[in-house]
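Asker: with the sequence up front, the predicted model follows.
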Amino acid sequence: MKRILIASTLISLSTLASAADFQLSSPDIKAGSSIDKKFEFDGFGCSGENKSPALQWRGVPAGTKSFAVTVYDPDAPTGSGWWHWSVINLPADVTSLKADAGAVGDANLPKGARQVRIDYGVTGWGGMCPPPGDKPHRYIFTVHALKTDKLEIPADATAALAGYMINANALAKASFTATYGRPKAK
């Protein structure tokens, strides 16, 4: 019995060590910094370029068969936060997304990957657009290493459903947080 427990613990520690090496970064947005206005949404009173930033990850855990990427604002005044981006079925050999990979229509994504409908009601990137005068909101960028080649999610699924399926199949995740705020309207 003790040998099984020790072996189980060693596997668990090995998995944790591998997950600790998994890192996400962006050449466009530094962790802990303020996000540039160009990533702001274009609508609802916001006037940014609404283009997704470039992302890159390394230290991929063993056994990864695909990736998902999400961007989430837990500070949105909705009671449930706000999903700004959800990408699934990124092949295991992909370790980056170029700037504007989140364009509607999936044309800028690697082959096989697709976007899930976000809280703006589109399947693409939806930039930052917090209410004017709110304290800066936190935006959590996350790459999820998955144990499955593909998530079978309906085309009209919500980001919440995608999040459920992503978390149910996750081996590890790597995140960074940056902030964005808009001045109070005059």
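Answerer: Perfect, I can see it now. Numbering: from 1, shown residues only.

Asker: in the protein, which spans are helices?
Answerer: Applying DSSP state H to the chain gives helices spanning 2-21, 159-168.

Asker: remind me what the shortest one packs against, helices and strands.
Answerer: The elements that helix 159-168 packs onto, with contact taken as 3 or more CB pairs under 8 Å, 6 or more residues apart in numbering; DSSP states H and E, are strand 66-73, strand 82-91, strand 137-146. Every C-beta, even on glycine, is put in place using the N, C-alpha and C of the backbone.

Asker: could those strands be laid out in a markdown table, adding mean pLDDT and mean neighbour count?
Answerer: Compiled in a markdown table, the helices and strands packed on helix 159-168 are given as follows (pLDDT from 0 to 100; neighbours: other CB atoms under 10 Å):
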| stretch | mean pLDDT | mean neighbour count |
| --- | --- | --- |
| strand 66-73 | 98 | 24 |
| strand 82-91 | 98 | 24 |
| strand 137-146 | 98 | 22 |
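
Asker: to A155, which of the ones you listed lies closest?
Answerer: Nearest of the helices and strands packed on helix 159-168 to A155, taken as CB to CB: strand 82-91 at 11.5 Å.

Asker: so how far is stretch 50-68 off the chain centroid?
Answerer: 9 Å (CA atoms, centre = their mean, to the nearest Å).

Asker: before we move on, what about stretch 165-182?
Answerer: 5 Å.

Asker: could you shift the numbering so residue one becomes 38, and keep it that way?
Answerer: Sure, I'll start numbering at 38, so the last one becomes stretch 202-219.
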